[in-house]
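Enquirer: Just need the structure, nothing else, for what follows:
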Amino acid sequence: MASGLDGRSVIVTGAGSGIGRAAALAFAAEGAKVVVADLNADGAEAVVKEIERAGGTAVAVTGDLSEQAVVDEVTATAVERFGGVDVLVNNAGIMDRMSAVADVADAEWDRVIRVNLTAPFLLTRAVLPHMLAAGRGAIVNTASEAGLRGSAAGAAYTASKHGVVGLTRSLAVMYRKQGIRANAIAPGATATNISMDADRTAHGPATLGPHFVNIGKLAQPEEQAAAIVFLASDAARNINGVILPVDDGWSAV
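Expert: Numbers count the residues shown, from 1 in each chain. As a prediction, this is how the structure comes out:
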């Protein structure tokens, strides 16, 4: 079945590196026009140039997606440059310090929740009117193994990714009659540049360590991107509200 992505307008957040970069390149290879959104301007511009060298179409928007003004700019860019928003990929995210609840500082909690959960909510809310007007749309969120269990990250990250799972399912129920689908991938260990500043001797990291024995093989960003593109494509047109583990079976252990 054809992907149906040729000529579609796609927003990918966190697209300057890692899974987001791989997804942006994969969508462009399918003929989609891609808004490359990232906090890192150099990374975003580099991905745009990479897409253009391959004959594709892309534009970069940089800024902190937890800020409404940046969300508005990303949405407006997709609408003005590419005629609307057909696909939204909420991929941008940050790690916590693997902190247990008693050790989570206010700043750590606030920042992780803001970037990992509030930003996807804000961008989804911004693009929904355009999808509703078109009578179609696909939203793919990047959740995590930490959204499926309590032993894959610290309290803040785990709560944020459980929130992403809930947001995804709520969207699927609320808007399926309007032609909008919402799904998520739940990556396991993946080779990206996401960083974690953790004190390995603290209660959280020390407790979680043994749970990573059955983590499985390290995935490449392109493997996660392939799942994202599939969920956004017409091949998945009857898939809605699914949280898809891409984790070499870690979630089955």
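Enquirer: Low-confidence bits of the stretch 51-200 of the chain, can you list those?
Expert: For the stretch 51-200 of the chain, the stretches with pLDDT under 70 are 194-199.
Enquirer: all strands of it, in order?
Expert: 57-62, 87-90, 137-142, 180-187 (DSSP state E, counting those that start in this stretch).
Enquirer: Adding mean neighbour count and distance to Val79, write those strands out as JSON lines.
Expert: (Each C-beta comes from the backbone N, C-alpha and C, glycine too.) Below are the strands of the stretch 51-200 of the chain laid out as JSON lines (neighbours: other C-beta atoms under 10 Å; distance: least, C-beta to C-beta, whole Å):
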{"stretch": "strand 57-62", "mean neighbour count": "21", "distance to Val79": "12"}
{"stretch": "strand 87-90", "mean neighbour count": "30", "distance to Val79": "12"}
{"stretch": "strand 137-142", "mean neighbour count": "28", "distance to Val79": "13"}
{"stretch": "strand 180-187", "mean neighbour count": "26", "distance to Val79": "16"}
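Enquirer: right, and the ones you listed - which one's nearest Gln224?
Expert: With C-beta to C-beta as the measure, strand 180-187 is the member of those nearest Gln224 (5.1 Å).
Enquirer: Mind listing the strands the closest one pairs with, and their directions?
Expert: Partners of strand 180-187 in the sheet, by DSSP bridges, are strand 137-142 (parallel), strand 243-246 (parallel).
Enquirer: and of the strands of the stretch 51-200 of the chain, who's closest to Leu5?
Expert: Within these, the stretch nearest Leu5 is strand 87-90; the backing value is 7.4 Å (C-beta to C-beta).
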